[in-house]
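S.K.: Model the following, please.
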Amino acid sequence: RGGVSSFGVGGTNVHLIVEEYPNEQKVSSLSRPLQLLMWSAKSENSLKGYATELGKFLQSKPDSLLADIAYSLNKTRDTFIHRNFLLSSNCVDASQEMLSNEKNTIKTSVLKVAPNEIAFLFPGQGSQFSQMGMNLYKNETIYKTAVDTCAEFLLEELKIDIREILYPKIATPETEAKLKDTRFTQPALFVTEYALSQLWLSWGIKPTAFCGHSIGEFVAAHLAGIFSLQDALHLIATRGRLVSELPGGSMLSVRLAEDQLKNILPDNLSIAAINSNAICVVSGEDNMVKEFSKSLEQMEIVNKLLFTSHAFHSKMMDPILDTFEKEVKKIHLNKPILPIVSTVTGTWLLDDEAINPKYWSNHLRNTVRFADAADTLLKLDDIIFLEVGPGQTLTALTKQQGTGKIIPAFTSLPLPKNQENEYHSLLNTLGELWLRGIDPDWDVFYGHQKRQK
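M.R.: Predicted structure coming up:
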């Protein structure tokens, strides 16, 4: 298509042919199985009106790609303090949610203060579950690259591909047993938490502090620059192997405060963790833990045996401390470039501790003081907590520590329920962060897709 225009130059007519190139029809690519629809306005009435108009638009175009509409909302609209978001997989469902009177599934907030701090929380053993993160591995390039990189490093250490442990084609009692073998549990958790952290970071969610429960602190230490990735993986694989060679033991969750527990704890048992002001974990030999559990039941004190293979953070770890310390001495330790709250001390990790091999060997044996660590973080102004790993243990414990306050703490990868997959939790949390003033990097979020406005 073209046109001709003419004008005079020095008495001579000059003809220009204006060529208009036809607009090529872009083709949208496949998208995530769930879409995050976000909209905002300057007032509550405007927000409601926008939801209604958007619902009518989706109703009128039921065959539109919801991913393109979500992309358009995220990339072309200004953001204001009155905010809504909705998770949906298609235009029909989304329009029904927006036009219904109930609107229970639409999350809303009025942004008053953007957070000053974002703490990444990394869980420890017991949070793992079969096929955790499998859909992210299949669909998120950044997540997959992170897992693959770790798996290649670990091949020599484990003599097995950790991806076979993480993502069995069919979950069976045998595959579950392998994942619960601490030799594989520890690397599997590290890999999953590291891959999740890379995904969140790529989406523009930048932490200001880290805290890890037991082995979760190794992920925090790598991200803070203390260990290289390869060294961190070597230490985790070594740690898992050394523990697996020890005699088995038991761990018991007890609903008591630390001081109350100390008064009745036998000398042959250890306090492995202080998870909150009212929950501790006891660790030791199987029969001794069993006897203690019976005595607690007679005192009508709530207790529960945890499904673990060994008595972590107890005297039973003593035989391997020197061996592990020698391994830590072989690697270069750096001072952290981002702050970590230690679950050994319950307060900020000091530079001298971070570069001391003995800190990391005693880490195996010492009580996990998560309650104190959470208290330290809760003193920060306008903080948001993000559990970067499987499960929701640390989210729940942090909320317990903040009794009387509304604590914004969110999960990444809880155990799926009601036919949901990983995206329900992950995108819901991304939406919750946006409601609270954290703007994701949409260019990266949609980076591996072809989307249209």
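
S.K.: ranges for the strands of the stretch 51-200 of the chain?
M.R.: Listed in chain order, the strands found in the stretch 51-200 of the chain under DSSP state E, counting those that start in this stretch are 82-88, 107-110, 117-122.

S.K.: now, of these, which is deepest in the fold?
M.R.: Among the strands of the stretch 51-200 of the chain, strand 117-122 has the highest mean neighbour count (mean count of other Cβ atoms under 10 Å), at a mean of 26. Where C-beta positions appear, they are placed from N, C-alpha and C, glycine not excepted.

S.K.: now for that one, which elements pack on it?
M.R.: Using 3 or more Cβ pairs under 8 Å, 6 or more residues apart in numbering; DSSP states H and E as the contact definition, the elements that strand 117-122 packs against are helix 182-202, strand 209-212, helix 216-223, strand 383-387, helix 393-401.

S.K.: Can you lay out the strands of the stretch 51-200 of the chain as TSV showing distance to Glu140?
M.R.: Listed next are these as TSV, based on distance: least, Cβ to Cβ, whole Å:
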stretch	distance to Glu140
strand 82-88	17
strand 107-110	23
strand 117-122	18
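
S.K.: With mean pLDDT added, can I get those in JSON lines?
M.R.: As requested, these are arranged in JSON lines below (pLDDT from 0 to 100):
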{"stretch": "strand 82-88", "mean pLDDT": "95"}
{"stretch": "strand 107-110", "mean pLDDT": "95"}
{"stretch": "strand 117-122", "mean pLDDT": "98"}
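
S.K.: Leu37: which of those strands is closest?
M.R.: Nearest to Leu37, of all the strands of the stretch 51-200 of the chain, is strand 82-88, at 4.7 Å by Cβ to Cβ.

S.K.: what packs against the closest one?
M.R.: The elements that strand 82-88 packs onto, with contact taken as 3+ Cβ pairs under 8 Å, 6+ apart, are strand 35-41, helix 44-60, helix 91-99, strand 107-110, helix 422-435.

S.K.: Which among the helices and strands packed on strand 117-122 is found nearest to Val147?
M.R.: helix 182-202 (4.9 Å).

S.K.: Can I get the closest one in CSV, CA atoms only?
M.R.: The C-alpha atoms that make up helix 182-202 are tabulated as CSV, following Å, rounded to 0.1, in the frame of the first residue of the first chain:
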residue,chain,number,x,y,z
THR,A,182,19.0,-37.1,54.7
ARG,A,183,21.8,-37.8,52.3
PHE,A,184,19.4,-36.7,49.5
THR,A,185,17.0,-34.5,51.6
GLN,A,186,19.6,-31.8,52.3
PRO,A,187,20.8,-31.3,48.7
ALA,A,188,17.1,-31.6,47.4
LEU,A,189,16.0,-28.8,49.7
PHE,A,190,19.1,-26.6,48.9
VAL,A,191,18.5,-27.0,45.2
THR,A,192,14.8,-26.2,45.5
GLU,A,193,15.3,-23.2,47.7
TYR,A,194,18.1,-21.9,45.5
ALA,A,195,16.1,-22.2,42.3
LEU,A,196,13.1,-20.5,43.9
SER,A,197,15.3,-17.6,45.1
GLN,A,198,16.6,-17.2,41.5
LEU,A,199,13.1,-17.1,40.2
TRP,A,200,12.0,-14.4,42.8
LEU,A,201,15.1,-12.4,42.2
SER,A,202,14.6,-12.4,38.4
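
S.K.: In TSV, list the helices and strands packed on strand 117-122 along with mean neighbour count, distance to Arg451 and mean pLDDT.
M.R.: Rendered in TSV, the data for the helices and strands packed on strand 117-122 read as follows (neighbours: other Cβ atoms under 10 Å; distance: least, Cβ to Cβ, whole Å; pLDDT from 0 to 100):
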stretch	mean neighbour count	distance to Arg451	mean pLDDT
helix 182-202	25	17	97
strand 209-212	26	33	98
helix 216-223	26	30	98
strand 383-387	24	26	97
helix 393-401	21	31	96
